[in-house]
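Visitor: got a predicted model here, sequence first, then my questions.
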Amino acid sequence: MSGLVADNLTCIKQDRVLFDQLSFSLLPGELVYLRGPNGAGKTSLLRILTGLSQPESGQVLFHSEPLNSVYRDYSTQLVYLGHKAGLNGGLTALENLTFWLAQSQLLVSTSRLYEVLELLGLVGLEDVAVRYLSAGQQRRVALARLWLKPSVYWLLDEPFTALDTSGIALLEDTFNNHVRNGGAIMCTSHQPLSERAGPLRCMDLEYRF
Ligand SMILES: Nc1ncnc2c1ncn2[C@@H]1O[C@H](COP(=O)(O)OP(=O)(O)OP(=O)(O)O)[C@@H](O)[C@H]1O
């Protein structure tokens with residue numbers, strides 16, 4: 001099957017089964033909204049889908065192949081944003097993004113970088129160390145990666161955290177466009193997504209004791 005497939009995933013943390021024999025797919029053209037209370041296992045599931053951690057049992061397939069055998073190809077088509085902004089506080093927005101682009105072996109022109117910073121309302125702040133930016137501004141720097149790396153699969157852990165209403169609207173519009181252009185998104189959020197984000201499929205993880 002094309003796309004990303006979770007095949008019978010079981011995850012155990014601290015002797016607690018977070019989820020058991022969980023199977024689903026994430027296909028191009030889909031937005032999946034992953035819901036669940038604190039501690040249900042949403043981050044754990046996203047990390048397994050990125051290949052950053054391993055399930056107790058089961059596997060993740062990418063275009064029908066086990067993730068570890070196609071990881072290089074998968075990683076070129078993936079943006080994963082964790083619930084922390086994942087920025088170096090001592091570096092500016094420009095420096096953080098330039099470093100990330102180099103690590104990801106992506107070539108992006110300076111003018112494109114400025115375009116994205118402008119879209120995100122960060123122009124004028126590009127030379128400020130990110131530790132001095134507000135929480136919402138730091139989130140916007142982290143999100144800039146979505147515009148800088150052409151990729152199909154977006155796995156996003158609480159990307160709306162700290163965003164103001166205009167930031168939420170921008171991100172929801174971007175989700176809608178991405179999916180209409182064949183992108184695939186799985187996203188967690190403790191606030192419901194609005195209709196602006198486009199059609200979505202909800203997936204619920206219960207808290208298991
Ligand atoms: N590396 C780890 N080592 C031990 N326990 C972990 C680890 N990662 C997660 N856990 C535990 O697994 C459970 C699920 O955590 P996870 O972060 O996946 O939940 P979540 O649904 O994303 O929660 P939240 O909504 O609070 O972000 C928690 O009880 C957490 O303490």
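Guide: Right, received. Where do you want to start? Residues are numbered from 1 along each chain as shown.
Visitor: give me the element the nearest residue to Gly136 once chain neighbours are set aside is part of.
Guide: Nearest in space to Gly136, with sequence neighbours left out and distances taken as Cβ to Cβ, 6 or more residues apart in numbering, is Ala162 at 4.5 Å. All C-beta atoms are positioned from the backbone trio N, CA, C, and that covers glycine. Under the assignment given by DSSP states H and E, Ala162 is not contained in any helix or strand.
Visitor: what does Leu87 give?
Guide: With DSSP H and E as the test, Leu87 turns up in no helix or strand.
Visitor: how about the residues of this structure by the ligand?
Guide: Where the chain comes near the ligand, counting by Cβ under 6 Å from any ligand atom, the residues are Lys13, Gln14, Leu18, Gly36, Asn38, Gly39, Ala40, Gly41, Lys42, Thr43, Ser44, His83.
Visitor: the last one: what secondary structure?
Guide: At His83 the chain is in coil, as set by DSSP: H, G, I helix; E, B strand; the rest coil.
Visitor: with Gly39 instead?
Guide: The local conformation at Gly39, judged by three-state DSSP, is coil.
Visitor: tell me the SS of the nearest residue to it once chain neighbours are set aside?
Guide: Taking Cβ to Cβ, 6+ apart, and ignoring the residues beside it in sequence, Gly39 has Tyr207 as its nearest neighbour in space, at 5.9 Å. Using three-state DSSP as the criterion, the local structure at Tyr207 reads coil.
Visitor: got the contact list for Tyr207?
Guide: Under the criterion of Cβ atoms under 8 Å, 6 or more residues apart in numbering, the contact list for Tyr207 reads Gly36, Pro37, Asn38, Gly39, Ala40.
Visitor: put the buried members of those into a ChimeraX selection.
Guide: Burial among the contacts of Tyr207 is assessed by 16 or more other Cβ atoms under 10 Å; the matching ChimeraX selection reads:
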select :36,40
